[in-house]
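K.L.:
Let's see this in three dimensions:
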Amino acid sequence: MLLSPQAERNWESVCSVLEDVLESQSHRQLFALELGSGTGQHIIRFAQKMPFVIWQPSDIKEDSLESIKAYIAATQAKTVLPPVHLDASEPWEKWAGLSHNSCDVIISINLLQYSSFKTAQGVFSGAGQILKQNGLLITYGVYAVNGIITPSCNEKLDEELRKMNPDWGLPDIDVLRQLAYGNGMRMERIIEMEEYYKCLIFRKL
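P.N.:
Residues are numbered from 1 along each chain as shown. All right, here's what the predicted structure looks like:
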């Protein structure tokens, strides 16, 4: 069971957004895919708070998949499926056998800033195929706006990410909006979160 201090800090605020956004559909069972589930801390908490959702965790790293399995076992979570290996930069047909129009919700927490643009393209292309009509793609992270990064702490974060990997860095909200539009979705809301983080909510048309 890996432990992420950041996940422990932010799960409640992200969870409250999900509860708010999904409340109107809580009378029926939903299917949600998490891209880049990491340690598994988020999805276990979400499952405890939203029992009307069946959760599918995924990640690209073997140690993360093992950690997610350990959290599922430790919490005896009944609504969290075994984690699957999923590389979001791959075409959606390779997304662990998930079928067209099968997801009500796709969530991505702190994935895009640690990813290449190819992965961002994959996330939106895959979401456009796998989400049901009116389904939601919800991304949480730190973003640039119109090519501008503010305040200085976010500029520093962007620099640090690019030192770790030149393909990483804060994604631009306007670029993501265009990616969504090109894949049959529209940006519906931007929710301001703690420490300059934001939740972006996209809906499949």
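
K.L.:
Do you have the helices of this protein handy? List them.
P.N.:
5-22, 41-49, 62-75, 117-130, 152-164, 173-182 (DSSP state H).

K.L.:
and the angle from the longest one to helix 41-49?
P.N.:
Here helix 5-22 runs at 40 degrees with respect to helix 41-49, directions being taken by axes from the mean of the first three to the mean of the last three C-alpha atoms, to 10 degrees.

K.L.:
what's the distance between the residue lying farthest from the centre of the chain and Q6?
P.N.:
The C-alpha centroid of the chain is most remote from S152, which lies 25.0 Å away (C-alpha atoms, centre = their mean). S152 sits 20 Å away from Q6, taking C-beta to C-beta, to the nearest Å as the criterion. Heads up, the C-betas are built off the backbone N, CA and C, glycines and all.

K.L.:
shouldn't G184 be in contact with I130?
P.N.:
No - in this structure, G184 sits apart from I130 without contact. The criterion is C-beta atoms under 8 Å, and the distance is 11.5 Å.

K.L.:
and the two? which has more neighbours close in?
P.N.:
Neighbours of G184 and I130, each counted by other C-beta atoms under 10 Å, are more numerous for I130; the result is 21 against 16.

K.L.:
what's the more buried one in contact with, if anything?
P.N.:
Listed by C-beta atoms under 8 Å, 6 or more residues apart in numbering, the contact partners of I130 are L33, W92, W95, L98, S99, H100, N101, S102, C103, I106.

K.L.:
would you turn the residues you listed into JSON lines with neighbour count and distance to E62?
P.N.:
Converted to JSON lines, the contacts of I130 look like this (neighbours: other C-beta atoms under 10 Å; distance: C-beta to C-beta, whole Å):
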{"residue": "L33", "neighbour count": "28", "distance to E62": "19"}
{"residue": "W92", "neighbour count": "17", "distance to E62": "22"}
{"residue": "W95", "neighbour count": "23", "distance to E62": "18"}
{"residue": "L98", "neighbour count": "20", "distance to E62": "20"}
{"residue": "S99", "neighbour count": "11", "distance to E62": "25"}
{"residue": "H100", "neighbour count": "11", "distance to E62": "28"}
{"residue": "N101", "neighbour count": "11", "distance to E62": "30"}
{"residue": "S102", "neighbour count": "16", "distance to E62": "25"}
{"residue": "C103", "neighbour count": "25", "distance to E62": "24"}
{"residue": "I106", "neighbour count": "26", "distance to E62": "22"}
